[in-house]
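J.: Attaching a predicted model along with its sequence, questions to come.
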Amino acid sequence: MPERVQVALIGAGRIGQRHAATLASLIPRAELAVIADVHGPSAQQLAERVRAGGWSDDPESVIANPAIDAIVIGSSTDSHAPLIIAAAEAGKQIFCEKPIALDLEATDRALAAVEKAGVRLQMGFQRRFDKAYARAKALIDEGALGRIEAIRDTMRDPNPAPRGYLETSGGLYRDMSIHNFDCVRWMVGEDVTELFAMGSAIVDPVFAELNDVDTSVVSLRFANDALGVIDNSRRSGFGYDVRTEVFGSEGALMIGYSRDTPMLRLDAKGIQSDHIHWFLERFDQAYIDELRVFIDGIVDDLPVPVTGQDARAAMALAYAAEASIRERVPVAPSRF
């Protein structure tokens, strides 16, 4: 593999724009050779803005280009699995935003293609690359907390996404909670053996119309008998909210949503603290670092830190949560 990896980015939407800025100027070992999007004008505008090598409205032809070493997939979720399969069959190294697909059948087909081709697939669970989360995980693995006994993970969006997005998102558990599912598995270091989910559609009537929930609490039991709670909402009322608490026999860790240097403002109205408005703001550096790790892994032949199997395990938990909502009983993710 050359010292400078030739990268094609597929997807010129919100997350694609974030990755384009990173690949174009913040990772010396990567060269953003082309941006592809089925909506050509979007690809062209983004390529010109970040000064990428070129643009295309045909992702398949970009994947087939022998000059391309790696594919970064930031397009709509329904395109992920077909693009992974095409990239694997073309022998490309792959980075893909979560999830691999909206169902486990397509997920398994994509994973089979990756395994057959022997290429790397790194998934975009960006929390793993956040400084606070990475430090917390290191302390847990060092035994600083003793035996892990419980974890609580919270994530709330500022406001619901537009209906058009929600209609194709896969629902709360596959679209949003999947980050929480990956996070708690990673932090505890154990698989979930049982979960019970409760959910409501109380934020906006559109969620009931889509047969989805917008507010949820999921209780979990891990293989080591540790317990966990995940709570999600499509609306926080104040901004982007992400918090994690891990409790062990010898201590606890708490990771908040604040910036590294939070600001307090004091005036006649009282004390105000700055807050994070959106996930791209909270995890700005993590989005850079996950792509740097991907590129370094290609050049230096390093292990993949977040695998396709990790993504499948998180999706199995989403399936289990949906089944628990329907059946009103605890569900074992091993069913899926």
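T.: Everything's here; your move.
J.: Neighbours of Ala134, how many?
T.: A count of nearby residues for Ala134, using other CB atoms under 10 Å, gives 14. From N, CA and C alone the C-beta is placed, and that goes for glycine too.
J.: Surely it touches Arg128?
T.: Yes: in this structure Ala134 lies within contact range of Arg128 using CB atoms under 8 Å: 6.9 Å.
J.: Pull the contacting residues for Leu317.
T.: If a contact means CB atoms under 8 Å, 6 or more residues apart in numbering, then Leu317 has Tyr173, Ser177, Ile178, Phe181, Arg185, Val192, Leu195, Pro333 as its contacts.
J.: Same check on Ser334?
T.: Contacts of Ser334 by CB under 8 Å, 6+ apart are Thr193.
J.: ok, the residue sitting nearest the centre point of the chain to Glu60 distance?
T.: Nearest to the mean C-alpha position of the chain, by CA atoms, centre = their mean, lies Phe125 at 3.2 Å. Distance of Phe125 to Glu60, given as CB to CB, to the nearest Å: 26 Å.
J.: Could you do Val192 as well?
T.: According to CB to CB, Val192 stands 37 Å off from Glu60.
J.: Which of the two has more residues huddled nearby?
T.: Using other CB under 10 Å, the more surrounded residue of Val192 and Glu60 is Val192, with 24 against 14.
J.: Pretty sure the more buried one sits against Asn224.
T.: No: taking CB under 8 Å as the definition, Val192 is not a contact partner of Asn224, at 10.8 Å.
J.: Go through this structure and flag its longest helix.
T.: The helix that spans the most residues within the chain, counting by DSSP state H, is helix 308-327.
J.: buried set for that one?
T.: 308, 310-325 (16 or more other CB atoms under 10 Å).
J.: Can I get that helix in CSV? Just the C-alpha atoms.
T.: What follows is helix 308-327, C-alpha atoms only, in CSV (Å, rounded to 0.1, in the frame of the first residue of the first chain):
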residue,chain,number,x,y,z
GLY,A,308,-18.4,-5.2,10.9
GLN,A,309,-19.1,-7.8,13.5
ASP,A,310,-19.3,-5.0,16.1
ALA,A,311,-21.9,-3.3,13.8
ARG,A,312,-23.9,-6.6,13.5
ALA,A,313,-23.9,-7.1,17.3
ALA,A,314,-25.4,-3.6,17.7
MET,A,315,-28.0,-4.2,15.1
ALA,A,316,-29.0,-7.5,16.8
LEU,A,317,-29.6,-5.5,20.0
ALA,A,318,-31.8,-3.1,17.9
TYR,A,319,-33.8,-6.1,16.7
ALA,A,320,-34.1,-7.4,20.3
ALA,A,321,-35.4,-4.0,21.5
GLU,A,322,-38.0,-3.9,18.8
ALA,A,323,-39.1,-7.4,19.6
SER,A,324,-39.3,-6.5,23.3
ILE,A,325,-41.5,-3.6,22.5
ARG,A,326,-43.8,-5.8,20.4
GLU,A,327,-43.9,-8.8,22.8
